[in-house]
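Peer 1: 3D model of this:
(2 chains)
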Protein chains: 2
Amino acid sequence: MDDRLETAYEAKFSVLDMDVAKKARGASKATGPINEAEQKRQAELMKQASIAVQSALGEQASATGRRVFFARHGERMDRVFPAWTRLSYTELGNYKPYDMNMPISMVPRQNGVNDFYDDPPITELGYFVSQLIGRGAKLNCINFDIVYCSPALRCVQSAHGMLKAFTKTKPKICIEPGLFEYMGWYKEENLNFLSTLEMAIQGYEVDPDYFPVISCADLKTKYKNETIEEYYKRTGDVIGSILSKHPKSPYNILFVVHAPTLDAGSRFLTKKTANVPDANDLKQVGVHYPFGSVVALEENKSDNTWKLMHCALPSISFLDCTNRIDFKFFNRP
Amino acid sequence: MDDRLETAYEAKFSVLDMDVAKKARGASKATGPINEAEQKRQAELMKQASIAVQSALGEQASATGRRVFFARHGERMDRVFPAWTRLSYTELGNYKPYDMNMPISMVPRQNGVNDFYDDPPITELGYFVSQLIGRGAKLNCINFDIVYCSPALRCVQSAHGMLKAFTKTKPKICIEPGLFEYMGWYKEENLNFLSTLEMAIQGYEVDPDYFPVISCADLKTKYKNETIEEYYKRTGDVIGSILSKHPKSPYNILFVVHAPTLDAGSRFLTKKTANVPDANDLKQVGVHYPFGSVVALEENKSDNTWKLMHCALPSISFLDCTNRIDFKFFNRP
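Peer 2: Below you'll find the model as predicted:
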């Protein structure tokens, strides 16, 4: 049994790209053989181009203010494997994945699998896509100064994945219960999120000293019977309160949240607070903001408005899927 | 420019799960708190169960012979990004991914991007799924003794991914041009595969001393005008020739190949050589054997027949996709 356990973790470990450095030495960014003179000429051209771009960016930077990135968590386990809590646990309570998109090990919960019903983990694909989001940010020279995250396990795990690309300066994750999604979906449920201590034990980069705008206890009592309008207002209030703590720019704030929070948050910042979706539309909001989608907004300091940053991060597309948002829905009045 | 290059590779490196050991220490396989007496009782039950299973497996093992795993390569770059060779290279010939499912660095080719038209790389998802296949094999205690691989870059990269889980005993990859797919699809093309030396430089675990059944030169000349029937026969001949080199069992042989080769190979072993698909059906064969699908066959030593091993490897499912094969097509007479 111990042997098997070791094998599982070893397998997980060895799935990783340990020979990247070696590959990098062998690989070339160029497609074909180029002679030395040509290489020098290209390097000079590239240098001139980057100087031009940098000076242009410098001028632009003075007008632009803070940047906010609303990212949706990765693929939920229960969306792909609806019966996973029943099928992947042995009678002895041991977790055993039956599909390789399921994580190899599972976070322990206070009430066993019961705590997963309304607070599921992400799949391996969800974790993979989260890491690609971080990679895209890093390649586009976007460093997150701070991360605010819903207390839902799927969001915390996604935030952890997004931060993997940032090895030198890893921002802390502030767990903000006020960023949890519409409580109307959880009226009859007994939400039992991981504590920040439990999250830290799992290796998630949570800030133990963060004092939330809305506590977990308040979320579960005061907001239990909120309407959709109240949920949109709560989300806006929490984001406004968080932004007021970070008045200076440049400053990049990453929010790792839920599909309806991407909508509520960006509509709050762009001052489109009318046209809150009805119950049926809200259920479909995950179609408009797919798993791993990101909405990036930038502040204009001169008039205090926020505008969508098109292509702030590269898209992530595979097979017939993409993480691009539905701009028709996003741009509704 | 150098800085940017370093950032790219660093980002790639840091995407990896470096804190798995830490997570393992914090995590538990069990879902909830279990007291020590209960733990001991469970360990004893597990031990008894595994002894029973092992003795049953021991009896079975004498009758079973070699095992063959036909795996299809991961997602092709050109399937998701049809214009990638045009859009992801700068005018200076530098590769720059525009979607995070594209690899961060690209293998250099003798004729630049031209060599990619008929020999594309896999995407990051393709590489990820390949790694999950290896993880699934390892978790099911399947070690590959040897790997035979089509010379196509997408197959070699996938084989590399599948072997990642096997850190201690990594089998060598034998590049066998005779395993390349139907040449009728490449009549007008100038296939220019990587040499085994170029593959080794990329860090792929190729066996430089393997002497192929059909050489690359022969594939491109003698088989250029093959019919579909001839392609199915060629595939069967090559697999038969390879199997004759490994008469002993237990022995696990992994073939990393193409969708039609999964069909041709398994029909050769199960002696269903009639009903070769026509040109239209062959084009659709990738639908029946998705990217990253695996057909596992086991030999019965007593009568020299080969039978499908159901559930030899766990499936890989996400969003609306799966790597499961279409059994209706597979089981056709």
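
Peer 1: mind listing the strands for the stretch 101-250 of chain A?
Peer 2: A:146-149, A:173-175 (DSSP state E, counting those that start in this stretch).

Peer 1: closest one to residue A:292 among those strands?
Peer 2: Nearest to residue A:292, of all those, is strand A:146-149, at 14.7 Å by CB to CB. To be clear about C-beta, it is placed using only N, CA and C from the backbone, and glycine gets the same treatment.

Peer 1: given the closest one, what are its sheet partners and their directions?
Peer 2: Applying DSSP bridges to the sheet, strand A:146-149 is found paired with strand A:173-175 (parallel), strand A:252-257 (parallel).

Peer 1: any chance of the ones you listed in a markdown table, plus mean pLDDT and mean neighbour count?
Peer 2: Converted to a markdown table, the strands paired with strand A:146-149 look like this (pLDDT from 0 to 100; neighbours: other CB atoms under 10 Å in any protein chain shown):
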| stretch | mean pLDDT | mean neighbour count |
| --- | --- | --- |
| strand A:173-175 | 98 | 25 |
| strand A:252-257 | 98 | 27 |
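
Peer 1: in a markdown table, list these along with distance to residue B:246.
Peer 2: Converted to a markdown table, these look like this (distance: least, CB to CB, whole Å):
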| stretch | distance to residue B:246 |
| --- | --- |
| strand A:173-175 | 51 |
| strand A:252-257 | 50 |
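
Peer 1: residue B:258: which of those is closest?
Peer 2: Closest among these, using CB to CB: strand A:252-257, at 39.2 Å.

Peer 1: what's the first helix or strand after the closest one?
Peer 2: The helix or strand immediately downstream of strand A:252-257 is helix A:259-269, counting by DSSP states H and E.

Peer 1: indicate whether that next one makes contact with chain B.
Peer 2: No - Helix A:259-269 does not reach chain B (CB under 8 Å from any CB of the partner chain); its nearest approach is 14.6 Å.

Peer 1: pull the distance from that helix to the chain's centre.
Peer 2: 14 Å (CA atoms, centre = their mean, to the nearest Å).

Peer 1: contact partners of that helix?
Peer 2: With CB atoms under 8 Å, 6 or more residues apart in numbering or on different chains as the contact definition, helix A:259-269 has outside contacts at A:68, A:70-72, A:150, A:179, A:181-182, A:231-232, A:235-236, A:239-240, A:255, A:257, A:273, A:277, A:282, A:285-286, A:288-289, A:293, A:295, A:297, A:306, A:308, A:325, A:329-330.

Peer 1: just the terminal-to-terminal distance for stretch A:148-165.
Peer 2: For stretch A:148-165, the separation between the terminal residues is 17 Å (CA to CA, to the nearest Å).

Peer 1: ditto for stretch A:318-333
Peer 2: 31 Å.

Peer 1: check stretch A:266-282 too.
Peer 2: 15 Å.

Peer 1: in that stretch, what's buried?
Peer 2: Buried residues in stretch A:266-282, counted by 16 or more other CB atoms under 10 Å in any protein chain shown: A:266-270, A:276-277, A:282.

Peer 1: again, but for stretch A:298-314
Peer 2: So stretch A:298-314, judged by 16+ other CB under 10 Å, has buried residues A:298-299, A:306, A:308-309, A:312-314.

Peer 1: which single one of the buried residues of stretch A:266-282 is nearest to residue A:248?
Peer 2: residue A:269 (17.3 Å).

Peer 1: mind listing what residue A:175 touches?
Peer 2: Residue A:175 is in contact with A:149-151, A:156, A:196, A:199, A:206-207, A:210, A:212, counting by CB under 8 Å, 6+ apart.

Peer 1: columns neighbour count on top of these, output as a markdown table?
Peer 2: Shown next, in a markdown table, are the contacts of residue A:175 (neighbours: other CB atoms under 10 Å in any protein chain shown):
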| residue | neighbour count |
| --- | --- |
| A:149 | 29 |
| A:150 | 24 |
| A:151 | 23 |
| A:156 | 30 |
| A:196 | 21 |
| A:199 | 24 |
| A:206 | 25 |
| A:207 | 17 |
| A:210 | 16 |
| A:212 | 20 |
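
Peer 1: just the residues you listed now: which is nearest chain B?
Peer 2: residue A:199 (10.0 Å; CB to the nearest CB).

Peer 1: the closest one and residue A:174: what is the separation?
Peer 2: Per CB to CB, to the nearest Å, residue A:199 is found 11 Å from residue A:174.

Peer 1: mutual contacts of the two, please.
Peer 2: The contact lists of residue A:199 and residue A:174 share residue A:206, where a contact means CB under 8 Å, 6+ apart.
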